[in-house]
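**Student:** Please find the sequence and the predicted model below.
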Amino acid sequence: MPIAKKKTAAKNNTIKLKFDTSWSYAPAPESKSAATIKPQYDLFINGEWQKPLSKKYFDTINPAKEEKLSEVAESGPADVDKAVNAARHAYEKVWRKMPAKERAKYVFRIARMVQERARELAIIESLDGGKPIRESRDFDVPTAANHFFYYAGWADKLEYAFPNRVTEPLGVAGQIIPWNFPLLMAAWKIAPAIATGNTVVLKPAETTSLTALKLAEIIEESGLPPGVVNIITGAGETGAAIVNHPDINKIAFTGSTDVGKIIQKAIAGTGKKVTLELGGKAANIIFEDAPIDQAVEGVINGIYFNQGHVCCAGSRLYVQESVAKEVIRKLKDRIESLIVGDPLDKNTDIGAINSKQQLATIHKYLDIGKKEGAEMYQSSCALPGKGFWCRPTLFTNVAQSNRIAQEEIFGPVLAILTFRTDDEVIEKANNSPYGLSAGVWTDKGSKIFNMTKRMRAGVIWANTFNKFDPSSPFGGYKESGFGREGGLHGLSAYVNLIN
Ligand code: ADP
């Protein structure tokens, strides 16, 4: 925690803390030596590493240094076809017939191996994606292992998950994931699919393929029958080839609302099942009776966590007017103390923006915010010379109709609005095309229940933010998508209930 150096008595006899930013931490970098990255990665199809039929590879870089880490294969339509055929064969010949408790053993084994290789996975996640090692080490990797454990436990208990019903797997699942939680999203998708007897073709995002490929190494070592999980790399065209492949039974997609809409159109009328987890613009609401310091910390965690590269990020803050001044002052003090820099340093709070394009998108929104008349405040921290960086930023004097309050920015940028009454804030919070998550900060339990009932968001946190557990479902309303991942709901997305 940063040290508050100067204490000055404020007028109302409360103690005002000022953060002295001249004070800095000694570097505490995690060693790269615990991670092995090969110079080139092929495709993991049918339990083997296969050269791409496309013969093409592309670079994956470290966004904190703009240096090449490795090159990965670009799957063309013929590679996608090969992967889907391998998944179909494994489904028909092996996996669907295997007793559920045997399937479970493999999923448990993968969970344990993710734990065993946690350090390496965390380092690679931070190198390839730019997120602080503290997050990849303490959140992404353990939560990924937990998902495998959780769904391994369900594999042979489906009659308890769906009492008096008979279930059957869907078949081959095409899974397409984004760059913000690469390993965790792969675990969210693969674990429930294979635990319920489906086979998988998974494609990670083009800027963050490495931990999915490491997971492929784990899967290979685990002895999972060939073809049950196939991991192929590539960009949007590869994703589209998976979506359009006629032998896919289900698409599970996490990513932008624009691509979600393309996918929905592409599969209309094909009988393919789909779950879509798309964008968000979460409202975080602070009432005057909230524990203010705790709320400020929750807001910081909610938007600056993972550089704001979180679809459920609390990017709209609604503060009750009577406490707005205090909250804004505390937020400004707190962002001044956030450490922006080397993702591998254990002190870092905010790492690198994932890609040049994403940084350009964030800058576009900073300009839009200023042009719309909002007031921008940024931390005064120094940024490293190379790499993609954005200072933690907040906007005050934001109007509900401003684009920075309506559109997903996917960066460390907070839009602050004020309100007076419960009805007003519910109206404003729900006035969004999205509905993925939200937060409520208040001392009153009754207010929490009132708010959560009336807000249109898939997940609502009360007096906390960004908490995840494999047993709780996650997913959105409106343009944030449909279908749920996690918990029992996550199981039902991978089974047919046949009677
Ligand atoms: P973001 O804007 O967060 O990068 P995208 O929706 O563009 O999100 O990407 C999420 C995932 O979807 C990535 O794996 C990407 O390669 C893939 N993708 C992009 N375009 C398409 C498409 N037309 N069809 C299927 N997948 C796609």
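**Tutor:** Structure's in. What do you need?
**Student:** only C-alpha atoms for contact and neighbour calcs from this point on.
**Tutor:** Noted.
**Student:** Show me how far stretch 165-180 is from its chain's centre.
**Tutor:** Between the centre of stretch 165-180 and the centre of its chain there are 18 Å (C-alpha atoms, centre = their mean, to the nearest Å).
**Student:** Then stretch 189-199?
**Tutor:** With C-alpha atoms, centre = their mean, you get 19 Å for stretch 189-199.
**Student:** can that stretch be found next to the ligand?
**Tutor:** No - using C-alpha under 6 Å from any ligand atom, stretch 189-199 stays clear of the ligand, with a minimum separation of 12.8 Å.
**Student:** Looking at strand pairing, list the partners for residue 252.
**Tutor:** Applying DSSP bridges to residue 252 gives these bridge partners: residue 175, residue 275.
**Student:** need the residues of the stretch 301-450 of the chain near the ligand, please.
**Tutor:** Neighbours of the ligand within the stretch 301-450 of the chain, by C-alpha under 6 Å from any ligand atom: none found.
**Student:** Tell me which stretches of the stretch 301-450 of the chain form strands.
**Tutor:** Secondary structure of the stretch 301-450 of the chain by DSSP state E, counting those that start in this stretch: the strands cover 316-320, 375-378, 393-396, 413-419, 437-441.
**Student:** and the angle for the longest one with strand 316-320?
**Tutor:** It refers to strand 413-419. Calculated by axes from the mean of the first three to the mean of the last three C-alpha atoms, to 10 degrees, strand 413-419 forms an angle of 30 degrees with strand 316-320.
**Student:** what's strand 413-419 packed up against?
**Tutor:** Judged by 3 or more C-alpha pairs under 8 Å, 6 or more residues apart in numbering; DSSP states H and E, strand 413-419 is in contact with helix 292-304, strand 316-320, helix 321-336, strand 393-396.
**Student:** Of the ones you listed, which stretch is the most buried?
**Tutor:** Of all the helices and strands packed on strand 413-419, strand 316-320 has the most neighbours on average by mean count of other C-alpha atoms under 10 Å, namely a mean of 25.
**Student:** in the protein, which residue is closest to the centre?
**Tutor:** Nearest to the mean C-alpha position of the chain, by C-alpha atoms, centre = their mean, lies residue 181 at 4.2 Å.
**Student:** what does the stretch 51-200 of the chain put close to the ligand?
**Tutor:** So the stretch 51-200 of the chain meets the ligand at 176, 177, 178 (C-alpha under 6 Å from any ligand atom).
**Student:** I'd like the residues you listed as CSV, with distance to residue 60 appended.
**Tutor:** Shown next, in CSV, are these (distance: C-alpha to C-alpha, whole Å):
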residue, distance to residue 60
176, 18
177, 16
178, 14
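**Student:** circling back to that earlier point, show me the residues around the residue nearest to the centre of the chain that make contact.
**Tutor:** Residue 181 makes contacts with residue 140, as judged by C-alpha atoms under 8 Å, 6 or more residues apart in numbering.
**Student:** Then residue 444?
**Tutor:** Residue 444 sits next to residue 289 when contact means C-alpha under 8 Å, 6+ apart.
**Student:** Same check on the one 10 residues further on?
**Tutor:** With contacts taken as C-alpha under 8 Å, 6+ apart, residue 454 has the following neighbours: residue 426.
**Student:** Per-residue confidence, it, what does it come out as?
**Tutor:** Looking at residue 454, its pLDDT is 96.
**Student:** now do residue 499
**Tutor:** With respect to pLDDT, residue 499 scores 78.
**Student:** Let me see the contact set for it.
**Tutor:** 165, 166, 167.
**Student:** residues contacting the second one?
**Tutor:** Right, residue 166. 159, 497, 498, 499.
**Student:** Now, those that are in strands?
**Tutor:** Within those, residues falling in strands by DSSP state E are residue 497.
**Student:** Return the member of the contacts of residue 166 nearest to residue 314.
**Tutor:** Minimum distance to residue 314 across the contacts of residue 166 is 36.1 Å, recorded for residue 497 (C-alpha to C-alpha).
**Student:** Need phi/psi at the nearest residue to that closest one once chain neighbours are set aside.
**Tutor:** Once flanking residues are discounted, residue 497 sits nearest to residue 167: 4.7 Å by C-alpha to C-alpha, 6 or more residues apart in numbering. Torsion angles at residue 167 (phi, psi; degrees, to the nearest 10) stand at phi -110, psi 150.
**Student:** give me the element residue 69 is part of.
**Tutor:** Using DSSP states H and E, residue 69 falls within strand 67-73.
**Student:** Name the residues that touch stretch 146-163?
**Tutor:** Stretch 146-163 is contacted by residues 100-101, 103-105, 107-108, 110-111, 165-167, 187-188, 191-192, 195-196, 470-471, 486, 488 when judged by C-alpha under 8 Å, 6+ apart.
**Student:** run the last query once more with 6 Å
**Tutor:** Residues outside stretch 146-163 that contact it (C-alpha atoms under 6 Å, 6 or more residues apart in numbering) are 100, 101, 104, 107, 108, 111, 191, 192, 195, 196, 470.
**Student:** Reformat the helices and strands packed on strand 413-419 as a markdown table; add mean pLDDT.
**Tutor:** Formatted as a markdown table, these follow (pLDDT from 0 to 100):
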| stretch | mean pLDDT |
| --- | --- |
| helix 292-304 | 97 |
| strand 316-320 | 98 |
| helix 321-336 | 98 |
| strand 393-396 | 98 |
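**Student:** Can I get the ones you listed in CSV including distance to residue 420?
**Tutor:** Shown next, in CSV, are these (distance: least, C-alpha to C-alpha, whole Å):
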stretch, distance to residue 420
helix 292-304, 17
strand 316-320, 6
helix 321-336, 6
strand 393-396, 16
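**Student:** Figure out which of those is closest to residue 286.
**Tutor:** Using C-alpha to C-alpha, the nearest of those to residue 286 is strand 316-320, at 4.8 Å.
**Student:** other SSEs contacting the closest one?
**Tutor:** Applying 3 or more C-alpha pairs under 6 Å, 6 or more residues apart in numbering; DSSP states H and E, one finds that strand 316-320 contacts strand 283-286, strand 413-419.
**Student:** does stretch 273-293 come close to the ligand?
**Tutor:** No - judged by C-alpha under 6 Å from any ligand atom, stretch 273-293 stays clear of the ligand, getting no closer than 8.0 Å.
**Student:** Okay then, goodbye and thanks.
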